[in-house]
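Trainee: 3D model of this:
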Amino acid sequence: MIKRLAEQLNVRPEALRNWIGQAEADAGERSDRPTTDMLEESRRLLKENAGVAPGERNPEGRERVFRLGARPDPATVLTFINEQSGRFAVALLLRVLQIGESTYYA
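Mentor: Model (predicted):
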């Protein structure tokens, strides 16, 4: 069915599958790929940080929440995620902090 529809739309079947998958992610039906909003936020942050040297990634007025190389206690991490959930999608925060959804939603 996808192959036939792709031919009618004059696109490759894999492109059509990707579009469908993206639409499903945007609708909240999939969690295995980022939503369009997440991708746009990531692009914006990449542009924002493009000219910043690695040692300068802590602009004034900001504070480091977690020390590099140290694993903070789970309560601190969960508090941070809850505080930031108004600015960022929880799924994005979990992915960046490398925390499983089952840990957060337990």
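Trainee: Ignoring the adjacent residues along the chain, who's closest to the residue positioned nearest the centre of the chain?
Mentor: Closest to where the C-alpha atoms of the chain average out (CA atoms, centre = their mean) is residue 92, at 3.4 Å. Spatial nearest neighbour of residue 92, chain neighbours left out: residue 38 (5.3 Å); criterion: CB to CB, 6 or more residues apart in numbering. All C-beta spots, glycine's among them, are computed from the backbone N, C-alpha and C.
Trainee: measure the residue nearest to the centre of the chain to residue 34 for me?
Mentor: Remark: distance between residue 92 and residue 34 (CB to CB, to the nearest Å) = 7 Å.
Trainee: How about residue 42?
Mentor: Distance from residue 42 to residue 34, by CB to CB: 7 Å.
Trainee: between those two, which one's more packed in?
Mentor: In terms of neighbours (other CB atoms under 10 Å), residue 34 is the more surrounded of residue 42 and residue 34; the figures are 19 against 13.
Trainee: and that one, what is it in contact with?
Mentor: Each residue near residue 34 by CB atoms under 8 Å, 6 or more residues apart in numbering is listed here: 25, 42, 91, 92.
Trainee: make it 7 Å
Mentor: residue 25 (CB atoms under 7 Å, 6 or more residues apart in numbering).
Trainee: No further queries at this time; thank you.
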